[in-house]
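> compute the structure for the input listed below.
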Amino acid sequence: QVQLVESGGGLVQAGGSLRLSCAASGRTISSYTIGWFRQAPGKEREFVAGIRWSGGSTYYADSVKGRFTMGRFTISRDRNTMYLQMNSLKPEDTAVYYCAARGRSDIYTTPSGYDYWGQGTQVTVSS
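This next block holds a predicted model:
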């Protein structure tokens, strides 16, 4: 079983920055690929960024490339912390942001590819 808890959301003006965190725990969580997704009202959940458990390579959606950075800290084999540094935020970045865990090494960009989800954290960017 894997537990994911997001934090760090809030209200920020356009052009500002926020840093989201995802505390992950569970047996061999270090072996899971982690993804960040977001869902705006009335829209489908979409992929934002992902990091592989093996090698730590990252992948970003085109809409956030160059503005968002994802990283991962391994505290222990059963505890990891992921962050999503979001810079130059735009009103269209407003959404609930989720972290998700996938028990395979490749980064999947669709929600169905992930096995565990956090409860989400709200990010609101005002114009």
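
> only C-alpha atoms for contact and neighbour calcs from this point on.
OK.

> mind listing what's buried in the lowest-mean-pLDDT helix or strand in the chain?
The helix or strand of the chain with the lowest confidence, counting by mean pLDDT, DSSP states H and E, is strand 68-76 at a mean of 88. Using 16 or more other C-alpha atoms under 10 Å as the test for burial, strand 68-76 gives 68-72.

> how is residue 112 classified with respect to secondary structure?
Recorded secondary structure, residue 112: helix (DSSP: H, G, I helix; E, B strand; the rest coil).

> ok, back up a step: closest to residue 95 out of the buried residues of strand 68-76?
residue 68 (14.6 Å; C-alpha to C-alpha).

> measure that closest one to residue 2 for me?
25 Å (C-alpha to C-alpha, to the nearest Å).

> repeat that for residue 116.
To residue 2, residue 116 is 7 Å away according to C-alpha to C-alpha.

> that older thread, show me what the least confident helix or strand of the chain packs onto, helices and strands only.
Using 3 or more C-alpha pairs under 8 Å, 6 or more residues apart in numbering; DSSP states H and E, the elements in contact with strand 68-76 are strand 46-51, strand 79-86.

> okay, the ones you listed, which one's buried deepest?
Among the helices and strands packed on strand 68-76, the stretch with the highest mean neighbour count (mean count of other C-alpha atoms under 10 Å) is strand 46-51, at a mean of 24.

> and it with strand 68-76, angle?
50 degrees (axes from the mean of the first three to the mean of the last three C-alpha atoms, to 10 degrees).
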